[in-house]
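[1] Here is a sequence with its predicted model. Questions after.
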Amino acid sequence: MRWNTVLVLALFAPLPLAAQEPASPDSTRRPVQLDEIIVTADRMPGRASDASATVRTVGRAEIERRAPTDLTTLLRDVPGVQIDPVVGSGAGVVLQGLGSERVLVLLDGAPLAGRISGQFDLTRVSPSQVERVEIVEGPQSTLYGSSALGGVINLRTRTDAAPRLELGTQIGSHGQRDFRGRTSGRLGAVTGGFDLGRRTIEIAPGRAAESVGDADRWDAMARIAAPLGQGRVEARVLGIEEEQSYQAGSAAGSSTNFNDNRQVDGLVTAALDRDGATELRLHGSFYRHSFVRSPSGRREDGTEELDRQRVVDVEGIRRGRAGMHRWLAGAKLEREWLESDRIVGGERSAWTGAAFGSADWAVAPWLRATTGLRLTSGEVWGTDLAPRVALSAYGPENVYLKLGGARGFRAPSFKEQYTNFTNTAGATYTVLGNVDLSPEYSWNASAEVGRNAGGVHLYARGFRNWLRDFIETELVDPATSTFRYQNVSRARTAGLEAGGAVTRGIVSVRASHAWLDTEDESDGEPLLGRAAHMTRGAAAVESGRATLTGEVVHTSSVALRRTSQGTSYQGAYTRINLSGGVTVAGDARITLGVDNVADTRPSGAATDLGRRWFGGLSWGIGW
């Protein structure tokens, strides 16, 4: 079945579900709600604790408290999240043992272009423009399509439109110097806002502390919203200009590498009725990556390698209710382009179409069932079907139980299909693409039991992923060191996590322990770059205009690489983080803090994990 067939099916996707719809389940049998309203997990607004998948959120207050150099600095101590250095410089995240190639990054629910060798550098996006990070674990292909095998990171940008002016600055270790400004206002029924910022640091993101490098970024975002009949239309455009440099070594000698990245991402959303039940989304994401390897350390002495990626998509979503049930149905059409010197022909493009639906069934006052299905078809790689099912049961004393199963997939990229590349820097080898690649896929099973009551939340959860047809390079000609992308790998990941949170007056305490088990089934070895254990404890005091927070995070050793001489590890280590803030002189706020107070540095660390001090000052005024 090809993409044009999917488009025909998409026109009728809402019809089978039109007889269903959700109502609010009986509040006397539901857990006490201690969390925020989120939209990523089910693409319908709801509490995080009600979501059919595991959801973690990091809000604006936490972002300001941590004054992060980038989003991975903010997320590295979140339970269940590990940092994944990407090729060259930058970093992504690992969810459920799956790296950044298999974690989908969204901006306001739309996928960002800009993957290098399949990996997405999350440090590119400015924390100052993010209102909330929503982390949904486990396969989310039913609602979001390709690349969401490990989960989804949805960055929700700031949307407040009250007339206001904000200015802020942050300083910190490694020469961190960040400046930002934001203004928003209203003219009749039309609201708008504009953000502008600059971030500089004297270390390339994702590189070790001793490496020489730097990063300089400009960020801008504009937003406008206006009435549209009984509904509303919103438009947002984000621009990022980034320059990075770092030193690297190889068998051919040392060099200075330069990464210049430019990103523009635009989204127009139209809600066609008062309650937003019918939504149309038009999205475009454009990315330009320039890489220069210079033996002299001067940019002009190197040869530029250029990638240009573009994604344009249109999506329609319909949400509704029927009695005690809710439903959602939608269709999406996407076209992707890639220009690169490393692919045959220099440029490729293809269509992808999808039809999807989800229903939330109130089976009984104490039992909910969620079912969903997505049919996706690519012009080149074929068709994939991604189902999911979940059950949520609510018992006496605010006890709850969640069970779920889902299938995820990742379609082969243009580079995996059409690569024709010979490396001459160091060891000479050739990498070839494969147009016959099939999508990777995984099956997931998950369970969670917990209790929310009286300001106390206790939980235990577990998951297991069966991963098949993973795309990796395989040696096909030893004489010429020629590799070809093939569907050759199988793996599994499994994990358990237990934790809790208690709030008493101005004091809140959280603690958790996560265990991760992974295996590459081809050799029986654990997957590289994954810590088996992560323990976290945190306490916060918030009184009036002041806050004080401390946390302790212990991470076990990590296998980083294997050679004929053996396996090299990053050692276990413990971090103690302290931060505090106080609001003074009306709406001005001062933030101070230290990550890794004792400067405990694990042996063999691939990224900078040492002490980081930071300070911030923000000021705002409304009119």
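    Received, thanks. Source: prediction; values computed, not measured.

[2] The spatially most central residue of the chain - nearest residue in space that isn't next to it in sequence?
    Central residue of the chain (C-alpha atoms, centre = their mean): Ile153, 2.5 Å from the mean position. Leaving aside its chain neighbours, Ile153 sits nearest to Val105 (5.1 Å; criterion: C-beta to C-beta, 6 or more residues apart in numbering). For glycine as for every other residue, the C-beta is placed from the backbone atoms N, C-alpha and C.

[3] How far off centre is stretch 357-376?
    Chain-centre distance of stretch 357-376: 25 Å, with C-alpha atoms, centre = their mean, to the nearest Å.

[4] Stretch 459-466 too?
    19 Å.

[5] before we move on, back to that, give the full set of residues in contact with the residue nearest to Ile153.
    With contacts defined as C-beta atoms under 8 Å, 6 or more residues apart in numbering, Val105 is in contact with Gly92, Pro111, Leu112, Phe120, Leu122, Val152, Ile153, Leu155.

[6] if we can go back for a sec, can you give the strand pairings for the helix or strand harbouring the residue nearest to the centre of the chain, parallel or anti for each?
    Using DSSP states H and E, Ile153 falls within strand 151-157. Strand pairing for strand 151-157, determined by DSSP bridges: strand 103-107 (parallel), strand 130-137 (antiparallel).

[7] Show residues contacting the following helix or strand past it.
    Going down the chain from strand 151-157, the next helix or strand is strand 164-172, by DSSP H and E. Residues outside strand 164-172 that contact it (C-beta under 8 Å, 6+ apart) are 67, 69, 128, 176-185, 612-623.

[8] at 6 Å what do you get?
    With contact meaning C-beta atoms under 6 Å, 6 or more residues apart in numbering, strand 164-172 is reached by 67, 177-184, 613-622.

[9] re the thing from before, give me the pLDDT for the residue nearest to the centre of the chain.
    For Ile153, the pLDDT comes out at 95.

[10] which residues does Leu516 contact?
    With contact taken as C-beta under 6 Å, 6+ apart, Leu516 is in contact with Gly97, Gly495, Arg530, Ala532.

[11] How about the contacts made by Asp84?
    Gly92, Val93, Val94, Gly99, Ser100 are the contacts of Asp84 under C-beta under 6 Å, 6+ apart.

[12] give me that answer again for 8 Å
    Contacts of Asp84 by C-beta under 8 Å, 6+ apart are Ala91, Gly92, Val93, Val94, Gly99, Ser100, Gln119, Gly529.

[13] Kindly state the beta-bridge partners for the residue nearest to the centre of the chain.
    Val105, Ile135.

[14] wait, doesn't it sit right on Val93?
    Yes - between Ile153 and Val93 there is a contact at 6.4 Å, judged by C-beta atoms under 8 Å.

[15] shared neighbours of these two, anything?
    Joint contacts of Ile153 and Val93 (C-beta under 8 Å, 6+ apart) are Val103, Leu122.

[16] list the contacts for the residue lying farthest from the centre of the chain?
    The C-alpha centroid of the chain is most remote from Ala479, which lies 40.5 Å away (C-alpha atoms, centre = their mean). Not one residue lies near Ala479 by C-beta under 8 Å, 6+ apart.

[17] Relative to His533, how far out is it?
    Distance of Ala479 to His533, computed by C-beta to C-beta, to the nearest Å: 44 Å.

[18] for Pro205, same thing?
    Pro205 is 26 Å from His533, by C-beta to C-beta.

[19] Quick one: list the elements packing against the one helix or strand Gln417 maps to.
    In this assignment (DSSP H and E), Gln417 forms part of helix 414-418. Secondary-structure packing of helix 414-418 (3 or more C-beta pairs under 8 Å, 6 or more residues apart in numbering; DSSP states H and E): strand 325-340, strand 347-364.

[20] Reformat these into a markdown table and put distance to Ala460, mean pLDDT and mean neighbour count next to each item.
    Output for the helices and strands packed on helix 414-418, formatted as a markdown table (distance: least, C-beta to C-beta, whole Å; pLDDT from 0 to 100; neighbours: other C-beta atoms under 10 Å):
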| stretch | distance to Ala460 | mean pLDDT | mean neighbour count |
| --- | --- | --- | --- |
| strand 325-340 | 28 | 95 | 21 |
| strand 347-364 | 24 | 95 | 20 |
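
[21] Export those strands as JSON lines, with columns for distance to Glu474.
    Output for the helices and strands packed on helix 414-418, formatted as JSON lines (distance: least, C-beta to C-beta, whole Å):
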{"stretch": "strand 325-340", "distance to Glu474": "22"}
{"stretch": "strand 347-364", "distance to Glu474": "22"}
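
[22] still on that earlier bit, give me the contact list for the helix holding Gln417.
    117-118, 336, 338, 340, 342-345, 348, 350, 380-381, 433-435, 437, 471, 485.

[23] which residues touch the residue nearest to the centre of the chain?
    Val93, Leu95, Val103, Leu104, Val105, Leu106, Leu122, Val133, Glu134, Ile135.

[24] ok, the residues you listed vs His457, which is closest?
    Ile135 (16.9 Å; C-beta to C-beta).

[25] Contact partners for the closest one?
    55-58, 75, 78, 80-81, 95, 151-154.

[26] what's the answer for Gln176, then?
    Contacts of Gln176 by C-beta under 8 Å, 6+ apart are Thr69, Gln170, Arg199, Thr200, Ile201, Phe614.

[27] So for these, which is the shakiest by pLDDT?
    Lowest confidence among the contacts of Gln176: Thr69, with 84.

[28] so that residue touches Ile201, yeah?
    Yes - shown here, Thr69 and Ile201 form a contact pair, counting by C-beta under 8 Å, at 5.6 Å.

[29] Which one's more surrounded, those two?
    Neighbour tally, Thr69 and Ile201, criterion other C-beta atoms under 10 Å: the higher count belongs to Thr69, 25 against 22.

[30] Could you measure from the more buried one over to Tyr287?
    Going from Thr69 to Tyr287 by C-beta to C-beta gives 21 Å.

[31] Same question for Pro163.
    For Pro163 relative to Tyr287 (C-beta to C-beta), the value is 34 Å.

[32] okay, those two: which has more neighbours?
    Tyr287 (22 against 13).

[33] now the helix or strand containing the more buried one: how far from the chain's centre is it?
    Element membership of Tyr287, judged by DSSP H and E, is strand 278-294. Centre-to-centre, strand 278-294 and its host chain are 16 Å apart (C-alpha atoms, centre = their mean).

[34] same deal with stretch 279-295?
    16 Å.

[35] Equivalent analysis for stretch 192-202, please.
    On C-alpha atoms, centre = their mean, the centre of stretch 192-202 falls 20 Å from the chain's centre.

[36] remind me which residues of this structure are low pLDDT?
    For the chain, residues meeting the criterion pLDDT under 70 lie at 1-36, 48-49, 249-253, 424-426.

[37] buried sites along the one helix or strand Ala498 maps to?
    Using DSSP H and E, Ala498 sits within strand 482-504. Residues of strand 482-504 classed as buried: 483-487, 489, 491-495, 497-499, 501 (neighbour count, 16 or more other C-beta atoms under 10 Å).

[38] Which stretches in this protein count as helices?
    Remark: helices assigned in the chain by DSSP state H are 3-12, 60-66, 71-75, 141-144, 414-418.

[39] Name all residues that make contact with Ser446.
    Contacts of Ser446 (C-beta under 8 Å, 6+ apart): Ala53, Thr54, Gly138, Lys402, Leu403, Gly404, Gly405, Arg461, Gly462, Phe463, Arg464.

[40] Weed out the non-buried ones from these.
    Ala53, Thr54, Gly138, Lys402, Leu403, Gly404, Gly405, Arg461, Phe463, Arg464.

[41] Nothing else from me, thank you.
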